[in-house]
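>>> Prediction below, plus the sequence it came from.
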Amino acid sequence: ADLLAVADAAAADRFAYYGYSWLALSGLQLALRTDRLSALVMGGFPPIGGPYSEMLRVTTAAHEMSVKTPAPTPSTPGSAPQPAGNADATDDPEGCDWSAVEVSTTPEQTRQFVTLYQALRGFDDRAAQAGVDCPRLCFAGSADEIPYGERWGGVTVRIGSAVMERRAELEAAGWDVRVLEGLDHTQAMQPANVLHVLRPWLASQLGS
């Protein structure tokens, strides 16, 4: 409803959606609930085989830490990494030591991500593919694998390998797939790496 409200405010009856990481999975949920999408692009999150259970553990740990030690409000939005689902919010294009990252979001913010992943427990992203009928593209860095230490739930979030291993299945389900060689999660979200994939694909699907 929030995403469609933004489109309504922009007087966009039909629109293309691009999101990265948790905003990519939000785009998939949007595509399942509206016929207004002219195209869908998911970056940094696999459309099939997504790490929903792993991210629930990470975000639950982040919420627990934020409750125990509330973080001070950053002076600039996005000035510190925020692994509670918004794990890509870093200004460092060279990557991030995810185990060393400190929680910089409030308990209220971290709780929102826990709520998101709790709501997606049991979500079958493979079965959901039949509900997406617009042109669609997914991409990920080949080195996109995030190992979280024990205090973050002791899980490894596999993005790049999940996309590569399921490439044939994704393509059979109607996805165009791009793998950005050698890039990790933060590198693959940088504009210089995204735009050369995104713009030609949108032009090929929607015209200039």
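Arrived safely.
>>> for this protein, what are the low-confidence residue spans?
Within the chain, the ranges that satisfy pLDDT under 70 run 70-103, 208.
>>> could you pull out the strands for it?
15-20, 37-43, 136-141, 145-147, 156-158, 175-180 (DSSP state E).
>>> got the ones you listed as a markdown table, with distance to D124 columns?
(C-beta placed from N, C-alpha, C; glycine too.) Converted to a markdown table, the strands of the chain look like this (distance: least, Cβ to Cβ, whole Å):
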| stretch | distance to D124 |
| --- | --- |
| strand 15-20 | 20 |
| strand 37-43 | 16 |
| strand 136-141 | 17 |
| strand 145-147 | 23 |
| strand 156-158 | 19 |
| strand 175-180 | 16 |
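>>> For A127, find the nearest of the ones you listed.
strand 175-180 (15.1 Å; Cβ to Cβ).
>>> re earlier: do you know which of the strands of the chain lies nearest G207?
strand 37-43 (10.5 Å).
>>> Can you get me a residue count around A62?
Neighbours of A62 under the rule other Cβ atoms under 10 Å: 30.
>>> sorry, back to before: ok, and which of the strands of the chain has the densest surroundings?
When those are scored by mean count of other Cβ atoms under 10 Å, the highest mean neighbour count falls to strand 136-141 (a mean of 25).
>>> That one - contacts with which helices or strands?
Strand 136-141 sits against strand 37-43, helix 160-165, strand 175-180, helix 191-206, with contacts defined as 3 or more Cβ pairs under 8 Å, 6 or more residues apart in numbering; DSSP states H and E.
>>> which helices and strands does the first one pack with?
Judged by 3+ Cβ pairs under 8 Å, 6+ apart, strand 37-43 is in contact with strand 15-20, helix 22-31, strand 136-141, helix 191-206.
>>> same thing but at 10 Å, please
Helices and strands touching strand 37-43, by 3 or more Cβ pairs under 10 Å, 6 or more residues apart in numbering; DSSP states H and E, are strand 15-20, helix 22-31, strand 136-141, strand 175-180, helix 191-206.
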